[in-house]
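Trainee: Pasting the sequence and the predicted coordinates here, then a few questions.
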Amino acid sequence: MNHSLHKFENISFDHCLKCTICTAYCPVARASSIYPGPKQSGPDAERLRIKNPELVDESLIYCLNCKRCELVCPHGVQAASIIAIAKNKYVKKNIFTIKVIRNWIVAHTDFLGFWGTHFTFLINTLMKFPPVRFGMQIVMGIPRQRKFPIYQPISFQKWFRKHSMPLQKKFDRHVLYYHGCAVNYQEHDLGKDMIKVLNSFGYGVVLSKEKCCGVPLMANGYLKSARKHAKYNISAMQKAMANPEMPIVSASSSCTFAIKNEYDEFLGMDNSTLKDNIFYITKFIYGEIDKGNCPKLKPVRLKVAYHAPCHLQRAGGTIFTVDLLKRIPELDTHFMHSECCGISGTYGFKVENYKISQAIGNELFKRIRRIDPQYVVTDCETCKWQIEMSTKYKVLHPITLLAMALD
């Protein structure tokens with residue numbers, strides 16, 4: 001752990017002005033009285049926790065880690081990060097409790113993905129079977145109402161090596177594509193759309209031997225494991241880069257934010273050799289178009305509603321997705337008021353959070369129904385799963401729409 005993280009742990013909370021704007025914008029505090037809000041669970045409670053760890057208020061476990069509090073804080077207090085560190089330091093972890101076992105499983109997405117891609121038919125079938133889901137709620141604390149994404153029979157990395165790698169080598173310029181767990185195990189079509197789009201801009205695609213970015217580990221308090229993943233990914237990306245200027249792109253808003261910002265600022269890992277090279281895909285495309293590199297786009301005559309994910313807003317990247325959607329000819333895009341969908345990665349997969357999760361997303365779901373689009377559009381894979389489970393609408397990634405527009 002470097003000096004900056006040590007300083008952050010002990011000093012950042014003193015910057016809080018007690019204005020409570022973070023609580024006003026907190027989706028959990030609005031949806032449920034069980035959570036007092038980020039000011040109280042973060043900066044206020046941290047003073048007590050330092051004096052006496054026995055004074056911990058375990059309501060902090062209801063924090064989504066959506067980071068909306070950090071987005072609106074006028075003094076830059078990283079309340080969500082303070083709470084995440086407190087979860088790791090103070091919340092008791094008893095290895096014999098069902099919830100701790102459940103938290104370990106949902107936090108280790110590569111573990112789930114390995115079994116999901118090796119026993120695809122069995123797992124996908126069981127996850128749809130109501131008695132199995134009811135049993136998972138009783139035994140593991142995973143809500144029976146929660147629908148699970150469909151696993152693919154092979155990983156995206158294996159598909160890439162077999163079907164796409166030879167073509168990618170023919171390009172003169174390349175980008176390193178950090179695809180993330182959702183694409184690797186479930187959302188292959190998004191990965192294929194990314195390759196199509198990047199190829200259309202004149203870039204071949206390179207993959208590194210990546211692991212999960214660590215967001216689920218951080219959210220569930222496994223910071224030591226998250227640092228191991230960060231160290232591995234930093235090394236793997238450095239080895240895969242053909243030169244120090246090689247761009248690193250991702251279509252996952254949370255993965256991008258973690259690798260670019262949280263590896264350094266939260267985990268204390270040195271990502272300085274990569275940080276300036278890391279781009280969320282719509283920002284990368286914006287830069288290419290600004291240079292005059294823009295393939296011809298054909299009309300996409302669809303009515304869509306755009307939902308901006310929390311972590312993309314925290315990173316300041318929403319504006320680039322908005323710009324991209326506006327460039328697609330004849331796309332009728334309805335830009336919705338900023339609302340959290342409520343799932344926040346693994347948060348909505350826990351029975352104790354499920355009602356809060358759905359209550360948080362309810363306003364967003366209402367807005368979508370009022371617009372009644374042909375598709376909903378969002379940059380986040382877990383937002384996609386939440387919206388598709390909670391409404392009748394199919395969800396597309398902005399890159400999929402751009403792939404549809406390519407001539």
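Mentor: Nice, thanks for sending it over.

Trainee: ok, and the closest non-adjacent residue to the spatially most central residue of the chain?
Mentor: Central residue of the chain (C-alpha atoms, centre = their mean): Ser254, 3.0 Å from the mean position. Closest residue in space to Ser254, ignoring its immediate chain neighbours: His311 at 4.6 Å, by C-beta to C-beta, 6 or more residues apart in numbering. Every residue, glycine included, has its C-beta placed from N, CA and C.

Trainee: and if you look at Ser41?
Mentor: The shortest distance from Ser41 to any non-neighbouring residue, by C-beta to C-beta, 6+ apart, is to Leu60 (4.2 Å).

Trainee: do you know how far Lys89 is from Ala45?
Mentor: Per C-beta to C-beta, to the nearest Å, Lys89 is found 12 Å from Ala45.

Trainee: typo on my end, Gly268
Mentor: 22 Å.

Trainee: go on, Lys355?
Mentor: Counting by C-beta to C-beta - Lys355 and Ala45 are separated by 24 Å.

Trainee: burial count for the residue nearest to Ser254?
Mentor: If you count neighbours by other C-beta atoms under 10 Å, His311 ends up with 29.

Trainee: still on that earlier bit, out of Lys89 and Ala45, name the residue with the larger neighbour count.
Mentor: Ala45 (22 against 13).

Trainee: Report the backbone C-alpha coordinates of the host helix or strand of Pro166 in CSV.
Mentor: According to DSSP states H and E, Pro166 maps onto helix 165-168. Provided in CSV are the C-alpha atoms of helix 165-168 (Å, rounded to 0.1, in the frame of the first residue of the first chain):
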residue,chain,number,x,y,z
MET,A,165,-6.8,-13.1,-34.1
PRO,A,166,-5.4,-13.9,-37.6
LEU,A,167,-7.4,-11.0,-39.1
GLN,A,168,-6.4,-8.6,-36.4
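
Trainee: Just checking: what are the partner strands of whichever helix or strand comes after it?
Mentor: For helix 165-168, the following helix or strand on the C-terminal side (DSSP H and E) is strand 173-177. Sheet pairing for strand 173-177, assigned by DSSP bridges, gives strand 203-206 (parallel), strand 248-250 (parallel).

Trainee: to the chain's geometric centre, what's the distance from the last one?
Mentor: Strand 248-250 has its average C-alpha position 14 Å from the chain's average C-alpha position, going by C-alpha atoms, centre = their mean, to the nearest Å.

Trainee: Show me what that strand is in contact with.
Mentor: Residues outside strand 248-250 that contact it (C-beta atoms under 8 Å, 6 or more residues apart in numbering) are 175-180, 194, 198, 237, 241, 256, 259, 274, 277-281, 284.

Trainee: Same question for stretch 256-266.
Mentor: Contacts to stretch 256-266, defined as C-beta under 8 Å, 6+ apart, come from residues 4-5, 8, 78, 81, 84, 178, 213-215, 218, 230, 233-234, 248, 250, 269-272, 274-275, 278-280, 311-312, 314-315, 317.

Trainee: With stretch 209-217 instead?
Mentor: Residues lying outside stretch 209-217 but in contact with it, judged by C-beta under 8 Å, 6+ apart, are 106-110, 157, 178-181, 223, 225-227, 229-230, 232-233, 236-237, 240, 252, 254-255, 258-259, 262-263, 267, 345-346.

Trainee: How about stretch 182-199?
Mentor: Contact with stretch 182-199 is made by 109, 112-113, 116-117, 149-152, 155-157, 159-160, 164, 167-168, 171, 175, 177, 179, 204-205, 249, 251-252, 281, 285, 381-382, 397, 399-400, 402-403, 406, as judged by C-beta under 8 Å, 6+ apart.

Trainee: Now the buried members of those.
Mentor: Buried by 16 or more other C-beta atoms under 10 Å: 109, 112-113, 116-117, 149, 151-152, 155-157, 159-160, 164, 168, 175, 177, 179, 204-205, 249, 251-252, 281, 285, 381-382, 397, 399-400, 402-403, out of those.

Trainee: picking up where we left off before, buried subset of the contacts of stretch 209-217, written for ChimeraX?
Mentor: Only the buried entries of the contacts of stretch 209-217 go into this ChimeraX selection, using 16+ other C-beta under 10 Å:
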select :106,107,108,109,157,178,179,180,181,223,225,226,227,229,230,232,233,236,237,240,252,254,255,258,259,262,263,267,345,346
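
Trainee: From the contacts of stretch 209-217, which land in helices?
Mentor: The helices, defined by DSSP state H, take in 106-107, 109-110, 157, 180-181, 223, 225-227, 229-230, 232-233, 236-237, 240, 254-255, 263 from the contacts of stretch 209-217.

Trainee: Lys39 contacts Thr23, doesn't it?
Mentor: Yes - the pair Lys39 / Thr23 is scored as a contact, 5.4 Å apart, by C-beta atoms under 8 Å.

Trainee: and Ser32, what is it in contact with?
Mentor: For Ser32, the contact set (C-beta under 8 Å, 6+ apart) comprises 62, 355-356, 359.

Trainee: Please repeat the previous calculation with a cut-off of 10 Å.
Mentor: Residues near Ser32 by C-beta atoms under 10 Å, 6 or more residues apart in numbering: 59, 62, 353, 355-356, 359-360.
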